[in-house]
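predicted coordinates and the sequence they were generated for:
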Amino acid sequence: AGEAARAFEPNLCPYAYQTQFVRLDLDTAAVPGWNNLDAAMISGSQETPTGLVLPQASLAEPNRVLYAPFPGIHGDEIDSFSFTLSDCITSGEATMAMLSVAAPVGGSTDDEAFSTITVAVAYGSNTTVSLDFADGWDYGQAGSSWPFGTDDLIWSINAIDSEISGVTGGSTALAADVSGTLLGTTSMNVTLVAEVGDAQLGGKISIWVTTATSPLTVRYAVEVSVEFENEPCSQGTYGTGGAACFTCPIGSYNEHRGTTYTIDDCVCSPGFYGAGGAECVACPSGTYTSEYGSASASDCVKVLKVCLLVPSYRTTASSRAYDPGGHNRLAGALSAIKEINDKSDGFWDDVLPDTTVVYEWYNSGRDAATSMQMAIECVTNAFGGTKADVVLGPASSGPTMNANLILANYDVPQISYSATSPSLSNYIEYPTFFRTPPSDAYQGMASADVIKNVFGWDNVIVISATDAYSAAGAAAFELSALNAELTVTQSKQVNELPSYSSLTAAVNAISGSSTRIVFMMAQAFTAGLIMREAYAQGVFGADSGYVWFLT
């Protein structure tokens, strides 16, 4: 009582949430006499204050202080900083942290670099370049300037790509683990020689720089490229570059690119033997060599050349994704080939006892056009142009039919591991086709028999896609249903990539019919679309009252 009014400002901690209301609790009993709060002013921001420790979504992500060093720098106790971690930004004692960054394990030109120095060397010349290690320190931040002062630099070559040769520092040949000292300077002169051979591809040099007293070690990458007067000849050719590049003769190959190779550098390809160049001849019929540069016919061994057509990645419009079924089939084929070729493990040792199975694999993509293109490769360019003895695959019926159009003309046997369309049983149309699974004609017979004779149902609706597998399988089922006196009350087809309206119309026929048994023949993608639409219309699912047979 009688005291003058005063304004006070309590120290409040900021909190990590926004609000439109604040509650003030006054302990009036703590002040004797009359007391009164005349006014209160609250100021703040709709933005979360910087530096505030925010709660994490889970205990697996606790509050952390993260430190990101410059790339390509390592050393013991190379940096330090202090931080305060508290509910209130202005409270809590500061914590000091000393930072050490471990050196990369082993030497590799792929290790992260602090700075990359790009050098171009003219082909066939010796080029001396100055590598200025003071470059790259301007990060626009305090403390990011050159850290070594005028101390003598100690450098070491951490790694050199094998494609680079003829590298010297002064008069010293440089290689991995070579080191030296630069007295009071930040630059190093390096001589690079662009030599004949794979050095023409260029490469990288990894250089570590430090001083005797500094905890820092800084990695620089020197990226070397080779400049040619003429564009070098590509692999499979020879010549002096540019327009003067010539394809190696049939049956030979040059694995290098450059401007100094002659026809003598074209060695015999797999499937051929000889002195190289124009003197390579094909191995005798029924034999093959898988090596480059075979010189004698004795290198050619009895083989069975197998061309594998397997869908690794789909190339159809519906999906261009990884094909797990195709990869599984490829793994099975390679496992079988491995066991057949191993004549000492006690498994299948009597299969092709004096023959080695060799293979080439092509992605058929579950696509008819791609499969036909890959079939052409099998009978023309495969095995060094000596063509395959047999083709395994492709996976689906439509692509298999297209592939056989090519293979039959070359009289090459085709064995499918999963094409089941009844149409492929026509020997006149597909004369070199064989398969390991049964025809869908048997699946149609079995399905019709189960529906009619096991469950005793008399009527069925058929819905199918229009691809070769689905259409032929549905036709085989309908023929079997006729023979079993099972009535097909509706038969609907949808395209492999059906429009919404056509899909809806086909499923409407099911919902508008009194028949409750449905037989569907479709590839997985189209079948999924049909089932989703059927579920939406209430004719698919446990409580729909419909029974579906899916293949």
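Everything's here; your move.

can I assume residue 446 sits in a strand?
No. Counting by DSSP: H, G, I helix; E, B strand; the rest coil, residue 446 falls outside a strand, being helix.

give me the pLDDT for it.
pLDDT recorded at residue 446 is 92.

do residue 318 as well
For residue 318, the model assigns a pLDDT of 49.

residue numbering should commence at 250 henceforth.
Sure thing, new numbering starts at 250, so read that last one as residue 567.

quickly find the element holding the nearest residue in space to residue 768 that is not next to it in sequence.
Leaving aside its chain neighbours, residue 768 sits nearest to residue 798 (4.7 Å; criterion: Cβ to Cβ, 6 or more residues apart in numbering). Yep, even glycine has a C-beta here, placed from its N, CA and C like the rest. For residue 798, the enclosing helix or strand under DSSP states H and E is strand 796-799.

same for that strand, what does it pack against?
Where contact means 3 or more Cβ pairs under 8 Å, 6 or more residues apart in numbering; DSSP states H and E, strand 796-799 is packed against strand 766-770, helix 773-785.

and of the ones you listed, who's closest to residue 386?
helix 773-785 (56.0 Å; Cβ to Cβ).

where along the stretch 450-599 of the chain do the strands fall?
For the stretch 450-599 of the chain, the strands defined by DSSP state E, counting those that start in this stretch cover 452-459, 466-476, 486-490, 493-496, 501-502, 516-517, 521-522, 530-531, 536-537, 550-559.

let me have the ones you listed in TSV, adding mean pLDDT as columns.
Shown next, in TSV, are those (pLDDT from 0 to 100):
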stretch	mean pLDDT
strand 452-459	87
strand 466-476	84
strand 486-490	89
strand 493-496	92
strand 501-502	93
strand 516-517	94
strand 521-522	94
strand 530-531	91
strand 536-537	90
strand 550-559	93
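
what about residue 370, how many neighbours?
Residue 370 is flanked by 23 other residues according to other Cβ atoms under 10 Å.

make that residue 425, sorry
For residue 425, using other Cβ under 10 Å, the count is 13.

OK, contacts around it?
Remark: with contacts taken as Cβ atoms under 8 Å, 6 or more residues apart in numbering, residue 425 is in contact with 356, 406, 407, 408, 409.

state the distance from the residue nearest to residue 536 when sequence neighbours are not counted to residue 608.
Using Cβ to Cβ, 6+ apart and skipping residues adjacent in sequence, the residue nearest residue 536 is residue 549, 3.9 Å away. Distance of residue 549 to residue 608, computed by Cβ to Cβ, to the nearest Å: 17 Å.

then residue 435?
In terms of Cβ to Cβ, residue 435 sits 57 Å off from residue 608.

try residue 519
Taken as Cβ to Cβ, the span from residue 519 to residue 608 is 12 Å.

pick out whichever of the two has more residues nearby.
Applying other Cβ under 10 Å to residue 519 and residue 608 shows that residue 519 carries more neighbours, namely 21 against 17.

might one say that that one is in contact with residue 541?
Yes. Between residue 519 and residue 541 there is a contact under Cβ atoms under 8 Å: 6.6 Å.

please look at residue 324 and residue 468 and confirm they touch.
No. With contact defined as Cβ under 8 Å, residue 324 does not count as touching residue 468 (11.1 Å).

the two: which has the busier surroundings?
More neighbours surround residue 468 than the other of residue 324 and residue 468, with 21 against 18 (other Cβ under 10 Å).

can I assume the more buried one is in contact with residue 407?
Yes. Counting by Cβ under 8 Å, residue 468 does reach residue 407; the two are 6.8 Å apart.

which residues are in contact with both of those two?
Both residue 468 and residue 407 are in contact with 360, 455, 456, 457, where contact means Cβ under 8 Å, 6+ apart.

for the third one, give me its contacts.
Meaning residue 456. Contacts for residue 456 (Cβ under 8 Å, 6+ apart) come out as 380, 404, 405, 406, 407, 437, 468, 469, 470, 471.

if you set the cut-off to 10 Å instead, what comes out?
By Cβ atoms under 10 Å, 6 or more residues apart in numbering, the contact set of residue 456 is 362, 366, 380, 382, 404-409, 418, 423, 428, 437, 439, 467-471.

mind listing the strands for the stretch 250-399 of the chain?
Using DSSP E, counting those that start in this stretch, strands in the stretch 250-399 of the chain cover 322-332, 344-350, 364-371, 375-381.

okay, the ones you listed in TSV with mean pLDDT and distance to residue 413 next?
Formatted as TSV, these follow (pLDDT from 0 to 100; distance: least, Cβ to Cβ, whole Å):
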stretch	mean pLDDT	distance to residue 413
strand 322-332	85	24
strand 344-350	85	27
strand 364-371	82	10
strand 375-381	79	12
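
which of these sits closest to residue 662?
strand 364-371 (53.9 Å).

ok, what's across the strand from residue 537?
Beta bridges link residue 537 to residue 550, judged by DSSP bridges.

ok, back up a step: what's the closest of the shared contacts of residue 468 and residue 407 to residue 497?
residue 455 (35.8 Å).

wait, the closest one touches residue 404, no?
No. Residue 455 lies out of contact with residue 404 (Cβ atoms under 10 Å); the separation is 11.0 Å.

find residues that contact each of these two.
residue 469.

find the least confident helix or strand in this protein, judged by mean pLDDT.
When each helix and strand of the chain is scored by mean pLDDT, DSSP states H and E, strand 421-422 comes last, with a mean of 72.
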